[in-house]
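Peer 1: Okay, predicted coordinates and the sequence, questions at the end:
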Amino acid sequence: MLNSNLPEPELLKALLEPLLEDFNYWLDRSANLLETEEMPFLSDEEQSDLLARVKQAQQEVGAAKGLFQATGGQVGIETTALMPWHRLLAECWQVSARFRSLQSDPPGK
């Protein structure tokens, strides 16, 4: 549990740093899945578009993380900047769940 008595920069670092790491982790996993597997329920164009959006988000998260680190954790990120990344990951999680579900279905079902 976070200590709400932390000075603001330390609280920001305690919250934002792990959040950016999580975004990096899940975006990397999503990119890997989209680059290595064919999603039978997506057209080639849809899969390419999703991958391009993931790669764009990876660059944005990387830039935000770089800025955060360069300023010693003195810079925050607006919620309006985080929400598109969150929505994109939710979309990727749905694609991944559907893909895994298709893989676990017995043949001929």
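Peer 2: That came through, no problem.
Peer 1: make it CA atoms for all contacts and neighbour counts henceforth
Peer 2: Will do.
Peer 1: buried residues in the helix or strand bottoming out on mean pLDDT in the chain?
Peer 2: Sorted by mean pLDDT, DSSP states H and E, the helices and strands of the chain end with helix 8-36, the least confident at a mean of 93. For helix 8-36, a neighbour-count test (16 or more other Cα atoms under 10 Å) marks 11-13, 16-17, 20, 23-24, 26-27, 29-31, 33-34 as buried.
Peer 1: Just the closest of the residues you listed to residue 94, please.
Peer 2: Taking Cα to Cα as the measure, residue 94 lies nearest residue 30 of the buried residues of helix 8-36, at 10.7 Å.
Peer 1: which stretches of this structure form helices?
Peer 2: 8-36, 44-70, 79-104 (DSSP state H).
Peer 1: What residues does residue 17 make contact with?
Peer 2: residue 65 (Cα atoms under 8 Å, 6 or more residues apart in numbering).
Peer 1: which stretches of this structure aren't confidently modelled?
Peer 2: 1-7, 106-109 (pLDDT under 70).
Peer 1: 80 instead, please
Peer 2: 1-9, 105-109 (pLDDT under 80).
Peer 1: The closest residue to residue 99 other than its chain neighbours: neighbour count?
Peer 2: Of all residues not flanking residue 99 in the chain, residue 39 sits nearest, at 6.5 Å (Cα to Cα, 6 or more residues apart in numbering). The local packing of residue 39 (other Cα atoms under 10 Å) involves 17 other residues.
Peer 1: And for residue 80?
Peer 2: Around residue 80 there are 8 residues (other Cα under 10 Å).
Peer 1: Ok, residue 38 next?
Peer 2: For residue 38, using other Cα under 10 Å, the count is 13.
Peer 1: Quick check: it vs residue 45, distance?
Peer 2: As for residue 38, its distance to residue 45 is 12 Å (criterion: Cα to Cα, to the nearest Å).
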